[in-house]
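>>> how would this look folded up:
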Amino acid sequence: MSSAELSKTTKAPTGEPYRLAEGELRSKLSGSTILILIGVAVILRLGQEIFVPLALSLLLSFTLAPIVSFLRKRSVPKIAAVLLAVVSAFCAIAVFSIVVATQVTNLAENIPTYQRNLVDKVHSLAQAGAGNGVLDHLSRAVERVGAEIQTRAIESESPTAQTPTTREPMPVEIVTRSDPIQTLGNLLLPLISPFATAGLVVVLVIFMLLEREDLRDRFIRLVGLGDLHRTTAALQDAGKRVGRYLLMQLVVNTLYAVPISMGLWALGIPNAILWGLLTLVLRFVPYIGAIIGMILPLFLALAIAPGWSLVVWVGALYLTTELISNNVLEPWLYGANTGLSPLAIIISAIFWSWLWGPLGLMLSTPLTVCLVVLGRHVPQFGVLDVLLGNEPVLEPHEKLYQRLLAGDPNEASDNAEEFLQEEYLVDYYDNVGLPALLLGETDRQRGVLSENQIILVASSSLSLVENLSDIAEEEENEDETASDAGLETGSELELPDGQGRSLLCIGGRGGLDDAAAAMLSQVLEVQGATSTTSSYSDHAARGSLAFPIDGVDTAIVIYLNGNSKSRARQIVRRLKRLKPDLRVGLLMPTANGLDYAPIDPSEIDADFIETSIAQAARSGLVMSTPVSLKTVVRKIARRGLPSGRPSAASN
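Below you'll find the model as predicted:
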């Protein structure tokens with residue numbers, strides 16, 4: 001059951017939801033979820049030999065499933081499609097492994113020839129930075145490595161060259177007789193184990209692809225039979241995200257590795273194919289993989305050439321390819337992102353590498369994507385989506401209210417400017433600003449806000465409105481230009497032109513109402529009207545003298561509390577007594593028939609009552625407002641005139 005359903009079904013005797021009970025339930029769910037996740041992590045660590053092949057097989061099946069589906073749509077039989085996809089994939093992996101092994105062997109044979117150049121360059125660096133302890137240590141380390149390599153090479157070439165005086169004592173070890181079969185097993189098992197694991201992965205992938213529909217049905221029956229829609233969405237989302245990520249990452253890495261290999265070969269770097277293939281694999285490691293793949297060729301360029309130009313050219317090659325990949329290839333090929341935040345990718349890489357070593361580091365992103373999908377579709381694991389996902393966890397108005405509570409109008413202004421790049425100011429105030437103030441009003445009524453916090457929220461809101469004054473001026477200038485040219489600029493022209501109109505916006509019963517009045521006043525000024533504000537503290541202390549109604553044709557009173565009918569009636573009558581021809585309206589967002597019962601304007605002698613800033617601005621800017629017959633009768637009766645004429649008119 002969702003939190004919204006809980007708040008609807010669990011009510012206190014007064015009609016308010018049991019918020020504390022709901023919070024306790026959430027904490028219990030989160031605590032149990034955390035315990036489950038810790039238990040799963042321990043099991044995965046202890047059962048590494050079992051779960052690593054399973055995880056690898058699962059991810060490979062996600063990767064090959066689109067290929068199998070593609071072949072099936074071309075009328076290829078299911079078994080043939082699966083075998084073709086699996087055999088092709090593992091043949092490519094085998095060829096890749098053979099090429100890498102050959103290149104590594106060749107590189108190991110040539111290492112002693114590169115040692116002298118590396119030592120000379122380190123010596124030159126040490127001389128340039130004389131007295132630098134780090135360079136001195138680096139120079140000695142390189143010399144020791146070079147000497148060790150050279151000694152090993154001499155020993156391998158002439159094992160009998162040593163004299164008896166230089167021969168080290170031979171260690172003596174007592175060995176008991178053992179079973180020949182056991183000895184043979186100890187020798188063969190380490191060699192057979194990788195091949196056995198690879199064969200197990202191949203078999204698992206084949207059967208997972210062949211039994212994909214059956215496995216899906218069993219998973220649904222096991223965890224989601226009561227909600228087929230949610231379980232189906234989770235499976236489709238996981239398959240789409242993981243499969244697309246792996247395939248597109250493979251394509252991007254291949255397109256990245258090909259120019260790297262060709263560029264290194266053109267520059268004369270030995271084993272260019274090896275560095276391209278390693279780059280292809282290492283780029284599966286988030287963020288640091290590309291850096292690791294670049295460091296090794298840079299060191300080799302440092303070792304084989306006497307100067308520094310080759311190092312510069314290799315670095316430029318990697319930097320150029322990286323920029324093209326990040327800004328062209330990845331945005332073009334990735335139709336959708338993985339759904340992970342950048343910080344979550346780094347944390348997941350650390351976690352999976354600790355859990356399963358280098359293989360876990362390679363698989364960290366796709367495995368974490370599966371966890372995020374689980375959290376997105378299974379409420380009990382929603383904490384995973386909150387912690388690891390890249391979707392906003394707070395609604396814009398909730399984020400604004402949090403910033404106002406923290407007294408940080410500057411960040412709130414930055415967020416507002418991002419919103420206003422595509423929307424108008426009135427839309428921002430109606431969809432974000434006013435709902436944020438309503439959250440504050442709700443907390444005030446609940447008694448969870450102190451007086452200082454109310455003042456802080458109100459003052460921060462006024463600062464936000466002031467920070468958005470430049471955007472308001474830009475919109476006003478745009479409207480004037482569009483009006484002169486006879487053009488339409490968007491939804492803002494739905495509001496009437498305010499030229500020649502003068503309005504007063506009044507905060508009804510507190511600082512939060514004053515902030516809403518400032519928002520409405522700014523929207524009116526965007527429309528070209530002359531608008532002023534009057535705070536609640538002024539008219540509460542000075543009475544009617546606080547209302548600057550000279551030259552004002554319309555006054556709008558703002559109440560965020562929908563239970564303000566009697567107060568609204570009093571202030572409307574005070575304004576009408578001060579200026580009988582003054583149009584007086586109300587902005588009461590919660591008097592919408594949901595939070596509070598709607599109010600008929602005739603009941604409080606108001607000219608209009610609206611529930612949004614856009615509606616209030618529109619009603620305040622029109623030259624006249626339709627008045628109900630009941631309101632006319634009341635006005636005539638209050639002036640002491642006979643009411644028979646309106647009654648006759650109604651007949």
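
>>> can I see the domain layout of this structure?
Following automatic domain parsing, the chain resolves into domains at 35-69+194-388, 398-645.

>>> Can I get the ones you listed in JSON lines including distance to residue 81, mean pLDDT and mean neighbour count?
Just so you know, the C-beta spots here come from the backbone N, C-alpha and C atoms, and that holds for glycine as well. Formatted as JSON lines, the domains of the chain follow (distance: least, CB to CB, whole Å; pLDDT from 0 to 100; neighbours: other CB atoms under 10 Å):
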{"stretch": "domain 35-69+194-388", "distance to residue 81": "5", "mean pLDDT": "79", "mean neighbour count": "17"}
{"stretch": "domain 398-645", "distance to residue 81": "45", "mean pLDDT": "81", "mean neighbour count": "18"}
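
>>> would TSV of these with distance to residue 101 be doable?
Converted to TSV, the domains of the chain look like this (distance: least, CB to CB, whole Å):
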stretch	distance to residue 101
domain 35-69+194-388	10
domain 398-645	51
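
>>> Indicate which one of those domains is closest to residue 77.
Residue 77 lies closest to domain 35-69+194-388 among the domains of the chain, at 11.1 Å (CB to CB).

>>> can you give me the end-to-end distance of stretch 425-444?
Taking CA to CA, to the nearest Å, stretch 425-444 runs 26 Å from one end to the other.

>>> again, but for stretch 428-436
Start to finish, the residues bounding stretch 428-436 are 11 Å apart (CA to CA).

>>> OK, contacts around residue 297?
264, 269, 275, 314, 318 (CB atoms under 8 Å, 6 or more residues apart in numbering).

>>> Let's see that with 7 Å instead.
264, 269, 275, 314 (CB atoms under 7 Å, 6 or more residues apart in numbering).

>>> helix or strand for residue 44, which one?
Using DSSP states H and E, residue 44 falls within helix 19-46.

>>> Following the chain onward from that helix, which element is next?
Using DSSP H and E, the helix or strand that directly follows helix 19-46 along the chain is helix 48-73.

>>> helices or strands next to that next one in the packing?
The contact analysis (3 or more CB pairs under 7 Å, 6 or more residues apart in numbering; DSSP states H and E) places helix 48-73 against helix 78-128, helix 180-210, helix 228-267.

>>> Looking at the contacts of residue 297, which one is closest to residue 322?
residue 314 (12.6 Å).

>>> surely the closest one meets residue 300?
No. Between residue 314 and residue 300 there is no contact under CB atoms under 7 Å: 8.4 Å.

>>> Find residues that contact each of the two.
Taking CB under 7 Å, 6+ apart as the criterion, residue 314 and residue 300 both touch residue 269.

>>> how about the strands in the chain?
All strands of the chain, identified by DSSP state E, fall at 502-507, 530-534, 554-558, 583-587, 608-610.

>>> Residue 211 is nearest to which of those?
In terms of CB to CB, the element of those nearest to residue 211 is strand 608-610, at 60.9 Å.

>>> contacts for that closest one?
Strand 608-610 is contacted by residues 585-588, 591, 599, 601, 616, 619, 625 when judged by CB under 7 Å, 6+ apart.

>>> now, which of the residues you listed lie within helices?
Within the contacts of strand 608-610, residues falling in helices by DSSP state H are 616, 619.

>>> which pair in the contacts of strand 608-610 spans the largest distance?
Taking CB to CB as the measure, the contacts of strand 608-610 span a maximum distance of 17.2 Å, between 591 and 625.

>>> which one of the domains of the chain lies closest to residue 84?
Short answer: domain 35-69+194-388, nearest of the domains of the chain by CB to CB, at 8.5 Å.
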